[in-house]
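Asker: Pasting a predicted model and its sequence here:
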Amino acid sequence: MRKTILGVWALCLLPFVGIAATAVAEGIDGVFSPFPVGAQTCVAVEIPADPSRLLRGLRWYNNDSTVAFARIVILQGAPGGPPQLDVGGTTFLEVTGAASAWSEAYFDAPVSSASGALYAIFVLPASATRTGVGAGTGPGIGYRRLGGGPPSYLSADGTEWSRLYPGVSVAVEPLLDAGPSGAVLLSSRQGGITRVGPAGEPSAETAYVTALLPCSPNPANPAVAIRFTLAASDGVSLTIYNLRGAVVRHLLTEMLPAGRHELRWVGEDERGRAVASGVYVVRLNVGGRVLSQRVTLVR
């Protein structure tokens, strides 16, 4: 259900959205986040879907590096929205970004939509409240006071949606790719994903994208497989951090070829000692670009 924010709707939504009063970075006018935050509170951005320019990832201005979005969901919908969170799609769990900086997330394979529009939905962690700008202040996404930006929506429960203020654009941008064979198409018939092109392993004609794939299992007890793909041969560093930002274990620093790669972390620090149960951050640095996600260790 869509609600236009005009008149009384604008007044009703003011307590729901926290907006920073001053610009936080060049081209970013502030940071906003929904308030209060429930189990399905989310922000959605429409991305026009052109079959010749497939979506291979997202770029967004992130507020807090110490708090992960509960989910980022990529799904199709009708142009002009709003999205429907219950129609399936591709889901990425526990996605973190940089503090007060642009962050990127890449997919295992590019995606497009049969309906002409995709939606990127950022689901906030339940009960999270933003108290400021930067690390340790809570989840939020940058915004810009621009006309003609992509439609953006807010929802307290993932069902009832309201259009963000006219003239305000959420700082979320698509990372686009020319359409390779083996791309993933969001199917309007199934609501989920359907692979286009040869089944099974990608062919030699299919280009990989640089992506940190979901760690498995997560929670881990205690070993976890860390999988990633590289679009081209590149220098790679893979490190485990705790939530205070301290290094727990360096797993890899070397040049790797394009393709799929996997390492295992067995829950040990640099000295081979077992670390305590808790939440840790897996950080992949590829040619100066940082990708990260959270892993929960349970003993």
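Answerer: All right, it came through fine.
Asker: Residue 282: what secondary structure?
Answerer: Using DSSP: H, G, I helix; E, B strand; the rest coil, the structure places residue 282 in strand.
Asker: contacting residues for it?
Answerer: 212, 215, 226, 238-240, 265, 292-295 (CB atoms under 8 Å, 6 or more residues apart in numbering). The way it works is simple: take the backbone N, C-alpha and C, and place the C-beta from them, glycine included.
Asker: repeat for residue 27
Answerer: By CB under 8 Å, 6+ apart, the neighbours of residue 27 are residue 144.
Asker: among the contacts of residue 282, which are in helices?
Answerer: Counting by DSSP state H, no part of those is found in helices.
Asker: could the residues you listed go into TSV alongside pLDDT, neighbour count and distance to residue 26?
Answerer: Formatted as TSV, these follow (pLDDT from 0 to 100; neighbours: other CB atoms under 10 Å; distance: CB to CB, whole Å):
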residue	pLDDT	neighbour count	distance to residue 26
212	81	23	27
215	81	22	33
226	88	22	33
238	93	23	30
239	94	17	28
240	94	23	32
265	91	22	37
292	85	21	23
293	86	21	27
294	88	20	29
295	90	22	33
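Asker: Save those residues as CSV, and put in distance to residue 252 too.
Answerer: Shown next, in CSV, are those (distance: CB to CB, whole Å):
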residue, distance to residue 252
212, 13
215, 14
226, 9
238, 4
239, 8
240, 11
265, 10
292, 15
293, 16
294, 19
295, 16
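Asker: Pick out the most distant pair among those.
Answerer: Farthest-apart pair in these is 238 and 294; separation 14.7 Å (CB to CB).
Asker: what stretches of the chain score poorly on pLDDT?
Answerer: Filtered on pLDDT under 70, the chain yields the residue ranges 1-24, 51-52, 86-89, 108-109, 146-149, 166, 177-209.
Asker: Nearest residue to the middle of it?
Answerer: residue 72 (4.7 Å; CA atoms, centre = their mean).
Asker: Return the residues in contact with that residue.
Answerer: 58, 91-92, 95, 105, 120-123.
Asker: Same question for residue 123.
Answerer: 40-42, 69-73, 158.
Asker: before we move on, back to that, would you double-check that the residue nearest to the centre of the chain falls in a strand?
Answerer: Yes - applying three-state DSSP, one finds residue 72 inside a strand.
Asker: roughly how far apart are it and residue 242?
Answerer: In this structure, residue 72 and residue 242 are 23 Å apart, going by CB to CB, to the nearest Å.
Asker: coming back round to it: can you redo the contacts of residue 123 as a markdown table, where the extra columns are distance to residue 151?
Answerer: Below are those laid out as a markdown table (distance: CB to CB, whole Å):
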| residue | distance to residue 151 |
| --- | --- |
| 40 | 20 |
| 41 | 18 |
| 42 | 15 |
| 69 | 20 |
| 70 | 23 |
| 71 | 20 |
| 72 | 18 |
| 73 | 16 |
| 158 | 17 |
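Asker: which of those residues lies closest to residue 231?
Answerer: Distance to residue 231, by CB to CB, is smallest for residue 72 among those, at 20.1 Å.
Asker: Okay, and the beta partners of that closest one?
Answerer: residue 92, residue 122 (DSSP bridges).
Asker: CA atoms only for the one helix or strand residue 44 maps to, dumped as PDB, please.
Answerer: Taking DSSP states H and E as the criterion, residue 44 maps to strand 42-48. C-alpha atoms of strand 42-48 as PDB (Å, rounded to 0.1, in the frame of the first residue of the first chain):
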ATOM      1  CA  CYS A  42      13.100  -0.700   6.200                       C
ATOM      2  CA  VAL A  43      14.100   1.800   3.500                       C
ATOM      3  CA  ALA A  44      13.600   1.000  -0.100                       C
ATOM      4  CA  VAL A  45      14.900   2.700  -3.300                       C
ATOM      5  CA  GLU A  46      13.600   2.000  -6.800                       C
ATOM      6  CA  ILE A  47      16.200   1.100  -9.500                       C
ATOM      7  CA  PRO A  48      15.000   1.200 -13.100                       C
END
